[in-house]
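> Structure, please.
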Amino acid sequence: MSDIAKKVVDKMYENDAFSQWLGIKRIEDGTGISVLQMTVRKEMLNGFYILHGGISYSLADSALAFASNGHGRKAVSVETSISHTHACKEGDVLTARTQEMSLSNKIGVYQITITNQEDKTVALFKGTVYRTSKNWDV
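Numbers count the residues shown, from 1 in each chain. Next up is the predicted model:
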(Lines give C-alpha, C1' and ligand atoms only; values in the text may rest on other atoms or scores of the structure.)
Protein backbone atom coordinates (compact mmCIF):
# COMPACT_ATOMS: atom_id res chain seq x y z
CA MET A 1 0.00 0.00 0.00
CA SER A 2 1.26 3.44 -0.93
CA ASP A 3 1.72 5.79 2.03
CA ILE A 4 0.31 8.66 -0.01
CA ALA A 5 -2.75 6.61 -0.99
CA LYS A 6 -3.49 5.81 2.66
CA LYS A 7 -3.14 9.47 3.66
CA VAL A 8 -5.39 10.64 0.83
CA VAL A 9 -8.08 8.04 1.54
CA ASP A 10 -7.86 8.73 5.30
CA LYS A 11 -8.55 12.40 4.57
CA MET A 12 -11.35 11.63 2.13
CA TYR A 13 -13.06 9.10 4.41
CA GLU A 14 -12.79 11.39 7.44
CA ASN A 15 -14.91 13.99 5.59
CA ASP A 16 -17.27 11.50 3.90
CA ALA A 17 -20.33 11.29 6.16
CA PHE A 18 -22.27 9.21 3.61
CA SER A 19 -19.64 6.47 3.30
CA GLN A 20 -19.50 6.41 7.09
CA TRP A 21 -23.32 6.12 7.29
CA LEU A 22 -23.16 3.21 4.85
CA GLY A 23 -20.87 1.48 7.35
CA ILE A 24 -18.09 1.08 4.80
CA LYS A 25 -14.96 -0.63 6.05
CA ARG A 26 -11.77 -0.02 4.11
CA ILE A 27 -10.09 -3.38 3.49
CA GLU A 28 -7.36 -2.18 1.12
CA ASP A 29 -6.23 1.25 -0.08
CA GLY A 30 -3.65 1.87 -2.80
CA THR A 31 -2.77 3.68 -5.98
CA GLY A 32 -5.60 2.71 -8.28
CA ILE A 33 -6.83 0.15 -5.76
CA SER A 34 -9.71 0.09 -3.30
CA VAL A 35 -11.41 -2.80 -1.58
CA LEU A 36 -14.40 -1.84 0.55
CA GLN A 37 -16.88 -3.86 2.57
CA MET A 38 -20.28 -3.14 4.10
CA THR A 39 -23.23 -5.00 5.58
CA VAL A 40 -26.75 -4.46 4.21
CA ARG A 41 -29.04 -2.98 6.88
CA LYS A 42 -32.86 -2.87 7.00
CA GLU A 43 -33.02 0.85 6.22
CA MET A 44 -31.13 0.17 2.96
CA LEU A 45 -33.91 -2.02 1.54
CA ASN A 46 -36.49 -0.92 -1.02
CA GLY A 47 -40.19 -1.84 -1.26
CA PHE A 48 -39.30 -5.33 -2.51
CA TYR A 49 -37.26 -5.97 0.67
CA ILE A 50 -34.06 -6.10 -1.39
CA LEU A 51 -31.12 -3.71 -1.41
CA HIS A 52 -31.93 -0.37 -3.01
CA GLY A 53 -29.84 0.03 -6.16
CA GLY A 54 -28.62 3.42 -4.97
CA ILE A 55 -26.85 1.80 -2.04
CA SER A 56 -24.77 -0.63 -4.11
CA TYR A 57 -24.11 2.22 -6.55
CA SER A 58 -22.88 4.36 -3.66
CA LEU A 59 -20.57 1.60 -2.39
CA ALA A 60 -19.02 1.30 -5.86
CA ASP A 61 -18.84 5.08 -6.25
CA SER A 62 -16.88 5.35 -3.00
CA ALA A 63 -14.49 2.64 -4.19
CA LEU A 64 -14.03 4.57 -7.44
CA ALA A 65 -13.26 7.78 -5.57
CA PHE A 66 -10.77 6.18 -3.20
CA ALA A 67 -8.95 4.21 -5.91
CA SER A 68 -8.69 7.07 -8.40
CA ASN A 69 -7.54 9.61 -5.82
CA GLY A 70 -5.03 7.18 -4.32
CA HIS A 71 -2.47 8.34 -6.88
CA GLY A 72 -2.27 11.63 -4.99
CA ARG A 73 -3.99 13.76 -7.64
CA LYS A 74 -7.55 14.97 -7.20
CA ALA A 75 -9.88 13.05 -9.50
CA VAL A 76 -13.63 13.43 -10.03
CA SER A 77 -16.06 11.13 -11.80
CA VAL A 78 -17.33 12.15 -15.22
CA GLU A 79 -19.26 9.01 -16.17
CA THR A 80 -20.47 5.98 -14.24
CA SER A 81 -22.80 3.05 -14.81
CA ILE A 82 -23.89 -0.03 -12.91
CA SER A 83 -25.50 -3.36 -13.73
CA HIS A 84 -27.21 -5.18 -10.86
CA THR A 85 -26.84 -8.91 -11.44
CA HIS A 86 -28.18 -10.46 -8.23
CA ALA A 87 -30.52 -9.24 -5.48
CA CYS A 88 -29.12 -8.52 -2.02
CA LYS A 89 -30.95 -8.87 1.28
CA GLU A 90 -30.59 -7.58 4.81
CA GLY A 91 -27.50 -9.04 6.47
CA ASP A 92 -25.59 -9.62 3.22
CA VAL A 93 -21.95 -8.57 3.39
CA LEU A 94 -20.90 -6.81 0.20
CA THR A 95 -17.33 -6.36 -1.00
CA ALA A 96 -16.40 -3.88 -3.72
CA ARG A 97 -13.10 -4.57 -5.52
CA THR A 98 -11.66 -1.97 -7.86
CA GLN A 99 -9.52 -2.65 -10.89
CA GLU A 100 -7.79 0.19 -12.72
CA MET A 101 -8.37 -0.52 -16.40
CA SER A 102 -6.70 2.52 -17.96
CA LEU A 103 -4.82 5.55 -16.67
CA SER A 104 -3.55 8.58 -18.57
CA ASN A 105 -2.58 12.07 -17.54
CA LYS A 106 -6.21 13.25 -17.59
CA ILE A 107 -8.50 10.18 -17.63
CA GLY A 108 -8.78 7.04 -15.53
CA VAL A 109 -11.14 4.13 -16.18
CA TYR A 110 -12.09 1.68 -13.43
CA GLN A 111 -14.12 -1.50 -13.08
CA ILE A 112 -15.65 -2.25 -9.69
CA THR A 113 -17.05 -5.70 -8.99
CA ILE A 114 -19.35 -6.09 -6.00
CA THR A 115 -19.72 -9.56 -4.51
CA ASN A 116 -21.67 -10.93 -1.56
CA GLN A 117 -20.45 -13.13 1.30
CA GLU A 118 -20.76 -16.18 -0.97
CA ASP A 119 -18.42 -14.53 -3.52
CA LYS A 120 -21.34 -14.22 -5.95
CA THR A 121 -21.18 -11.15 -8.20
CA VAL A 122 -24.12 -8.88 -7.36
CA ALA A 123 -23.17 -5.77 -9.37
CA LEU A 124 -20.72 -4.53 -11.99
CA PHE A 125 -19.82 -0.84 -12.04
CA LYS A 126 -17.73 1.10 -14.53
CA GLY A 127 -16.42 4.55 -13.74
CA THR A 128 -14.44 7.14 -15.65
CA VAL A 129 -12.69 9.95 -13.79
CA TYR A 130 -11.11 13.22 -14.82
CA ARG A 131 -7.71 13.66 -13.18
CA THR A 132 -7.22 17.32 -12.27
CA SER A 133 -3.83 18.98 -12.08
CA LYS A 134 -4.27 19.52 -8.32
CA ASN A 135 -2.46 17.28 -5.86
CA TRP A 136 -3.85 16.28 -2.48
CA ASP A 137 -2.33 18.21 0.41
CA VAL A 138 -1.44 15.33 2.71
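
> Could you point out the longest strand of this structure?
Within the chain, and with DSSP state E defining each element, the longest strand by residue count is strand 121-135.

> per-residue confidence averaged over that strand?
The pLDDT scores in strand 121-135 average 98.

> Stretch 4-23 now?
96.

> ends of that stretch, how far apart?
24 Å (Cα to Cα, to the nearest Å).

> got a list of contacts for that stretch?
The contact list for stretch 4-23 (Cβ atoms under 8 Å, 6 or more residues apart in numbering) reads 24, 26, 29-31, 33-34, 38-39, 41, 55, 58-59, 62, 65-66, 69-72, 136, 138. For the C-beta atoms, the positions are set from N, CA and C on the backbone; glycine is no exception.

> Emit the PyMOL select command for whichever of those are buried.
Only the buried members of these enter the following PyMOL selection, criterion being 16 or more other Cβ atoms under 10 Å:
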select buried, resi 24+26+29+30+31+33+34+38+55+58+59+62+65+66+69+70+71+136
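
> Please flag which of the contacts of stretch 4-23 sit within helices.
55, 58-59, 62, 65-66, 69 (DSSP state H).

> mind giving me CSV with these and columns for distance to Ala123 and pLDDT?
Shown next, in CSV, are those (distance: Cβ to Cβ, whole Å; pLDDT from 0 to 100):
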residue, distance to Ala123, pLDDT
Ile55, 10, 98
Ser58, 11, 98
Leu59, 8, 98
Ser62, 13, 98
Ala65, 17, 98
Phe66, 17, 98
Asn69, 21, 98
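
> out of those, which one sits closest to Thr98?
Phe66 (7.7 Å; Cβ to Cβ).

> Next up, the contacts around the closest one.
9, 12-13, 26, 29, 34, 36, 98.

> mind redoing it with 10 Å?
Residues near Phe66 by Cβ atoms under 10 Å, 6 or more residues apart in numbering: 5, 8-9, 12-13, 16, 19, 24, 26, 28-30, 33-36, 96, 98.
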